[in-house]
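In: below: sequence and its predicted model.
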Amino acid sequence: MRLSFEKIKEISEWLDTNQEIKFCHFLNSFDGENVYQKFKNILIKWEYHVNDFLTFTIDGSQIKIPMYYILQELTDDIETPKVFVNNIFSFELQVPKTFQMGVDHIPIYDLISSISIEDVHLDFKNLDRENKQSIIDKLPANLFSKVLEGLINDSSKIFKLNNESLSKFKINFYTNDPMLFLKNLFSNYSKEYFQDIIFYLSKRMSCDAILYSDIKDIDFYVKKYNEETEQQKNTMPSLDF
C-alpha cells in the first residue's frame, strides 16, 4: 500500500474526527500474518514514502532517530511464539493476529495459541475467537492464573531501543501499544499542514499531482520552490536611483 499525500490526509481526518474503526481497518489491510509483521511493514512504507526519521520528545527536547535504526532493532524474535512449561501443563503465547480498537490490553483469548494438559493438546490456531474463548473460560482457576502469570512476566514481546536517551520507550506486542504508537505517528500531520501545502504548491502544480505525491516528494517540491523563489529575489534588478 502506498502512503501518498492524499492517503495521509485522509487518515489525519479520520483521527481528527474519532473514526478509529477506519484507522484500525487501514492498519489491518497491510501484509502480515500478525500485528508484528503488519507493524514492521507499515514502518517500512513510512520510511519509503513519508520520512526517514522519527522524532521523540524526551524531557522537553526532541531527538531524531533514523527509521533504518528502528527497523534494524525490531527483530523477528518478537513474533516467535513463547512456550511456558510447568509441572501441571504447558501453554503457548503469541502476538495477536490483528490490530484492535478501543482496548488497552489485548484479550487473553487472542494471545493463547495452544495448551497441553497431561496427554491432551488443544491447538487454538484454527479456532474462531468464540470457540477459543469458550474453551479457555472453562480452564480451572489455577491453570488460568498460571497463564496470566506467564503473560505478565514475559518480556520477550517488548520492543525497546538500545539508546540511553530513550530508555523509557517500549512497545509491548501483547498489548495495544503498537496501534497507539502508529496512531501517534499518523497524527503528526495537522489539517493546517495539508491546507498550507495545497495552497502553496497549487500555484505551480495541479491538485491531482499534489495529492498523488508522497510526503517526501512534497518536502522536495517545497524546498525547490523556496530555493527558486529566493534565487529570483536575488537576481531582481535594483530599482535604486
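Out: Arrived safely. Here the structure is a predicted model, which is why all the values come from computation and not from measurement. Residues are numbered from 1 along each chain as shown.
In: low-scoring stretches of the chain, by residue?
Out: By pLDDT under 70, the low-scoring segments of the chain are 236-241.
In: can you pull out the strands in it?
Out: Using DSSP state E, the strands assigned to the chain run over residues 53-58, 61-66, 82-85, 89-93, 112-117, 120-123, 158-160, 170-172.
In: within its sheet, name the partner strands of the last one and how each one runs.
Out: Meaning strand 170-172. strand 158-160 (antiparallel) (DSSP bridges).
In: any buried residues in the partner strand, and which?
Out: Phe159 (16 or more other CB atoms under 10 Å). Where C-beta positions appear, they are placed from N, C-alpha and C, glycine not excepted.
In: can you list contacts of it?
Out: Applying CB atoms under 8 Å, 6 or more residues apart in numbering, the contact partners of strand 158-160 are 73-74, 78, 169-173.
In: please report the distance of Phe99 from His25.
Out: Noted for Phe99: a distance of 9 Å to His25, by CB to CB, to the nearest Å.
In: ditto for Phe53
Out: For Phe53, the distance to His25 (CB to CB) stands at 28 Å.
In: what helices and strands are in contact with the helix ranked longest in the chain?
Out: Ranked by number of residues, the top helix in the chain under DSSP state H is helix 215-235. Taking 3 or more CB pairs under 8 Å, 6 or more residues apart in numbering; DSSP states H and E as contact, the helices and strands that helix 215-235 lies on are helix 5-16, helix 191-201.
In: deepest of those, which one?
Out: Most buried of the helices and strands packed on helix 215-235 by mean neighbour count (mean count of other CB atoms under 10 Å) is helix 5-16; its value is a mean of 18.
In: can you tell me the centre-most residue of this protein?
Out: What sits nearest the mean C-alpha location of the chain, by CA atoms, centre = their mean, is Leu182, with 3.4 Å.
In: residues contacting Lys132?
Out: 109, 112, 124.
In: which one of the residues you listed is nearest Tyr36?
Out: For these, the closest approach to Tyr36 (CB to CB) belongs to Ile112, at 16.7 Å.
In: what about that closest one, how many neighbours?
Out: 22 (other CB atoms under 10 Å).
In: also the one 4 residues further on?
Out: By the other CB under 10 Å criterion, the neighbourhood of Ser116 contains 15 residues.
In: also the one 10 residues further on?
Out: Neighbours of Asn126 under the rule other CB under 10 Å: 7.
In: next: Phe91.
Out: Counted with other CB under 10 Å, Phe91 comes out at 25.
In: what's the answer for Arg204, then?
Out: Neighbours of Arg204 using other CB under 10 Å come to 12.
In: do the same with Asp76
Out: 9.
In: follow-up on the earlier one: could you flag which of the contacts of strand 158-160 are buried?
Out: 74, 78, 171-173.
In: relative to Asp104, which of the residues you listed is nearest.
Out: Taking those together and measuring to Asp104 by CB to CB, the closest member is Asn172, at 10.6 Å.
In: how near is the closest one to Ser134?
Out: On the measure of CB to CB, Asn172 and Ser134 end up 27 Å apart.
In: just Glu47 next, same as before
Out: Taking CB to CB, one finds Glu47 at 42 Å from Ser134.
In: compare neighbour counts for the two and give me the winner.
Out: Comparing Glu47 with Ser134 by other CB under 10 Å, the one with more neighbours is Glu47, at 19 against 12.
In: quick one, domains of the protein?
Out: For the chain, the structural domains run 77-153, 191-232, going by automatic domain parsing.
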